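Novice: Turn this into a structure:
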Amino acid sequence: MNLQNFFAELKRRNVYKVAVAYAIVGWLLVQVATQVFPFFEIPNWTVRLIVLAIVIGFPIALVIAWAFELTPEGLKRTEDVDLAASARRPRHRAWIFVVIVAGAMSLGLFFLGRMTAPSKQSGANEVSSKSIAVLSFADLSPRHDQESFSDGMAEEILNALARIKNLKVVGRASSFYYKGKDVNLKKIGAELGVAHILQGSVRNQGDQLRITTTLVQTSDGVQEWSNTYDGKLADVFNLQESCARDIAAHLDVVLGENGQQRLVDKTTDNAEAYALFIEAQTLVNARVGDNLPRAIAKLEKVTALDPKFARAWAKLAVAHAVLPQYVSGDWTANLNLSESAAQRAIALDGDDAEAYAALSYVAFSRRRYVEMVAPAARAVALDPEDFTANYWTANELTATGRFTEAEAMIDQIVNRDPANALALYYKCLLRWLAGDKPAASRMAQRAEALGLPLGGFTLAFISAMQGDYDRGAPQYARAMQALGTKFTSAELETIYRGASMVEAERAAGLRVIATRPDDQYVPVLHLLLGEPERSFAEFEHSSTSLPYLNFLWYPDAWSRKARQSPAFQGFAKRIGLLDYWKKNRWPDLCSPTPEDGLDSFTCR
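Specialist: Predicted coordinates:
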């Protein structure tokens with residue numbers, strides 16, 4: 001075959017023109033499908049079908065162009081066309097305009113799509129060089145009995161770094177999650193999204209203190225900086241300040257106030273008191289087991305050693321406030337102790353966010369819902385990133401039915417501290433209240449994997465909704481026992497099965513509850529077994545507090561029955577919820593019905 005004649009024949013038969021026009025018009029169709037179809041929610045499979053049809057059609061169009069020619073008499077086979085007459089016919093250039101217009105439209109849609117497509121978030125796939133996680137410090141004391149002190153020292157340096165505005169510092173729970181785990185630093189950096197990791201050790205012997213710190217680059221695991229800080233325990237604040245400033249300088253982070261910003265406040269002159277305080281702080285964070293009683297004992301000694309130590313009073317207020325929930329104790333007595341400690345802290349330091357958070361929590365636990373608002377707002381305003389202030393405010397919003405607002409606060413905590421088990425548990429609860437079972441289940445499992453069994457509540461109720469009470473019973477029992485109930489696992493499983501509303505199972509559950517009428521969770525358990533009126537009365541006349549209100553907003557039938565009960569109207573008014581809603585905002589699931597009366601409302 002003569003190639004020159006072949007290409008001339010392709011040109012004569014308009015195959016080139018058809019190929020160019022087809023390619024440009026085809027590209028236009030692809031742009032229309034990909035850029036316009038999504039606005040009309042047309043399924044993606046239609047876009048794929050159009051692209052496939054265009055690809056398949058291309059060789060077919062070329063074959064047709066070769067085999068046929070468009071004449072004034074219509075479409076004819078090329079070999080049947082009079083070549084001389086065809087050559088004499090004037091050439092129309094309309095196809096050129098079609099190509100130009102289609103090409104212009106294609107380019108316009110292409111660039112429009114690029115400009116309107118959501119841009120990648122900075123840092124979504126890239127780690128900021130101004131980011132760090134502080135791992136728990138090793139205890140190198142001679143007797144290896146300073147673990148809580150070492151952890152507390154790491155937390156103090158973490159808190160100091162967190163005060164630097166332009167430095168991302170991962171929260172304590174996420175950083176300390178890797179304690180005792182054999183995970184390489186590169187993987188930790190990837191999981192936490194940080195460019196640097198600070199490791200360290202503490203040797204505390206007598207009044208001598210040595211802090212050794214090492215900064216590692218997570219991209220390659222290479223040590224980039226190290227230093228040792230020696231001094232007396234009385235110099236601990238200056239040692240911490242020097243360490244935090246050296247890290248900031250190495251990371252080239254600008255401190256505020258022309259570099260004069262103080263990162264570590266000297267909160268006490270008593271070295272022994274401070275050493276005990278940071279040990280107690282670690283125990284309060286742990287919550288479960290005997291940690292809270294041990295923390296309270298240490299904090300009482302701290303405040304005896306230095307009655308002017310405001311942070312110690314604030315931490316004591318937190319410990320007393322949560323003790324009845326996580327361990328045991330008299331609610332009234334502990335709330336009185338918590339309030340007194342918080343007031344002492346504020347008298348010493350009017351800007352202590354944790355003390356205001358404790359005051360709000362005490363008011364909430366006493367069912368003074370209107371009173372809890374101001375100290376909570378003050379706490380968050382003083383320290384927008386303080387975990388206690390944000391977590392307890394979210395807790396209060398959830399309990400009063402405002403879980404959309406609560407979730408926004410919890411999301412902020414999880415973004416800063418992605419392995420914070422308490423925040424993850426509340427996130428799973430809020431996803432469950434919103435009806436998002438898959439997300440609720442994922443968050444509950446993460447919370448449990450981090451050592452907090454409360455996620456079992458959500459997992460148990462998901463199991464119940466699926467009719468799988470055998471799977472849900474142990475999940476529920478495990479979660480309830482973590483809250484300090486005196487019911488045994490077997491008894492709790494029996495009560496949980498009663499939520500199926502099968503009368504025999506329900507009766508068995510009620511008989512079990514009757515054996516321990518003084519347990520603080522009896523009002524919750526009667527709610528679960530479809531006895532809202534009895535439950536309301538028990539809660540109203542008890543000193544029990546926190547977990548109860550959350551259960552009123554569950555998507556389960558027993559919870560819906562409670563909030564739609566006529567008795568709920570009077571109950572909400574008597575305990576102060578109604579007044580709180582009127583002065584602030586109504587819960588997500590309820591709205592006022594003034595046409596039925598001044599205090600009337602309806603819930604779905």
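Novice: Can you classify Ile132 by secondary structure?
Specialist: Classification of Ile132 using DSSP: H, G, I helix; E, B strand; the rest coil returns strand.
Novice: can you count the residues close to it?
Specialist: For Ile132, the neighbour count with other Cβ atoms under 10 Å is 28. Bear in mind the C-beta positions are built from the backbone N, C-alpha and C, glycine included.
Novice: That one contacts Asn166, correct?
Specialist: No - judged on Cβ atoms under 8 Å, Ile132 makes no contact with Asn166 at a distance of 11.8 Å.
Novice: Find residues that contact each of those two.
Specialist: By Cβ atoms under 8 Å, 6 or more residues apart in numbering, Ile132 and Asn166 have no common neighbours.
Novice: Ranking helices and strands of the chain by mean pLDDT, which lands last?
Specialist: Least confident helix or strand of the chain, by mean pLDDT, DSSP states H and E, is helix 83-88 with a mean of 51.
Novice: Give the burial count for Glu505, as a bare number.
Specialist: 18.
Novice: Is it in contact with Gly498, as I believe?
Specialist: Yes - judged on Cβ under 8 Å, Glu505 makes contact with Gly498 at a distance of 4.9 Å.
Novice: quick one: pLDDT of Ala447?
Specialist: Ala447 is assigned 92 on the pLDDT scale.
Novice: what's near enough to touch Val327?
Specialist: Asp290, Leu292, Pro293, Gly484.
Novice: hmm, try it at 10 Å
Specialist: Taking Cβ atoms under 10 Å, 6 or more residues apart in numbering as the criterion, Val327 is in contact with Arg287, Val288, Gly289, Asp290, Asn291, Leu292, Pro293, Ile296, Asn334, Leu483, Gly484.
Novice: What subset of the residues you listed is buried?
Specialist: Those of the contacts of Val327 that meet the buried threshold are Arg287, Asn291, Leu292, Ile296, Asn334, Leu483, Gly484, by 16 or more other Cβ atoms under 10 Å.
Novice: Just to be sure, which of these are found in helices?
Specialist: In helices, judged by DSSP state H, the following of the buried ones among the contacts of Val327 are found: Asn291, Leu292, Ile296, Asn334.
Novice: Check the second one and give its pLDDT.
Specialist: Each residue has a pLDDT score; the one for Leu292 is 95.
Novice: is it true that it touches Gly329?
Specialist: Yes - counting by Cβ atoms under 10 Å, Leu292 touches Gly329, with 9.2 Å between them.
Novice: so what sits against both of those two?
Specialist: Common neighbours of Leu292 and Gly329, counting by Cβ under 10 Å, 6+ apart, are His320, Val322, Leu323.
Novice: Can you tell me which of those lies closest to Asp383?
Specialist: Distance to Asp383, by Cβ to Cβ, is smallest for Val322 among the shared contacts of Leu292 and Gly329, at 18.9 Å.
Novice: okay, the strand or helix carrying the closest one in CSV with CA atoms only?
Specialist: Val322 belongs to helix 310-326 when assigned by DSSP states H and E. The C-alpha trace of helix 310-326 is given here as CSV (Å, rounded to 0.1, in the frame of the first residue of the first chain):
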residue,chain,number,x,y,z
ALA,A,310,-5.1,27.7,93.6
ARG,A,311,-4.6,25.0,91.0
ALA,A,312,-4.6,22.4,93.7
TRP,A,313,-7.9,23.6,95.1
ALA,A,314,-9.4,23.6,91.6
LYS,A,315,-8.2,20.1,90.9
LEU,A,316,-9.6,19.0,94.3
ALA,A,317,-13.0,20.5,93.3
VAL,A,318,-12.9,18.4,90.1
ALA,A,319,-12.0,15.2,92.0
HIS,A,320,-14.8,15.6,94.6
ALA,A,321,-17.4,16.4,91.9
VAL,A,322,-16.9,13.2,90.0
LEU,A,323,-16.1,10.8,92.9
PRO,A,324,-19.7,9.7,93.5
GLN,A,325,-20.2,8.9,89.8
TYR,A,326,-17.0,6.9,89.2
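Novice: Show me what that helix is packed up against.
Specialist: helix 271-286, helix 291-305, helix 331-348, helix 353-365, helix 387-399 (3 or more Cβ pairs under 10 Å, 6 or more residues apart in numbering; DSSP states H and E).
Novice: Same list, these, but as JSON lines with distance to Thr515 please.
Specialist: JSON lines is the format used below for the helices and strands packed on helix 310-326 (distance: least, Cβ to Cβ, whole Å):
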{"stretch": "helix 271-286", "distance to Thr515": "32"}
{"stretch": "helix 291-305", "distance to Thr515": "27"}
{"stretch": "helix 331-348", "distance to Thr515": "22"}
{"stretch": "helix 353-365", "distance to Thr515": "27"}
{"stretch": "helix 387-399", "distance to Thr515": "28"}
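Novice: out of those, deepest packed?
Specialist: Highest mean neighbour count among the helices and strands packed on helix 310-326 (mean count of other Cβ atoms under 10 Å): helix 353-365, with a mean of 27.
Novice: I'd like the average pLDDT over that helix.
Specialist: Helix 353-365 shows an average pLDDT of 97 in the prediction.
Novice: With stretch 32-42 instead?
Specialist: Stretch 32-42 shows an average pLDDT of 59 in the prediction.
Novice: again with stretch 369-377
Specialist: Stretch 369-377 comes out at a mean pLDDT of 98.
Novice: Pull up the distance across that stretch, start to finish.
Specialist: One end of stretch 369-377 to the other measures 13 Å (Cα to Cα, to the nearest Å).
Novice: Can you report phi and psi for Ile513?
Specialist: With angles defined as degrees, to the nearest 10, Ile513 sits at phi -60, psi -40.
Novice: Which residue is the nearest non-sequential neighbour of it?
Specialist: The shortest distance from Ile513 to any non-neighbouring residue, by Cβ to Cβ, 6 or more residues apart in numbering, is to Leu525 (5.2 Å).
Novice: follow-up on the earlier one: which neighbours do Glu505 and Gly498 share?
Specialist: Tyr469, Leu529.
Novice: quick one: Asp383 and Asn390 touch, right?
Specialist: Yes - with contacts counted by Cβ under 10 Å, Asp383 reaches Asn390, the gap being 8.9 Å.
Novice: Regarding the residue positioned nearest the centre of the chain, which helix or strand does it belong to?
Specialist: By Cα atoms, centre = their mean, the chain has its centre lying nearest to Val414, at 3.3 Å. Using DSSP H and E, Val414 maps to helix 403-416.
Novice: cool, and Thr602?
Specialist: strand 601-603.
Novice: got the buried residues for that strand?
Specialist: By 16+ other Cβ under 10 Å, the buried positions in strand 601-603 come out as Phe601, Cys603.
Novice: If you tally nearby residues, what's the number for Pro502?
Specialist: Check again: residue 502 is Val, not Pro. 12.
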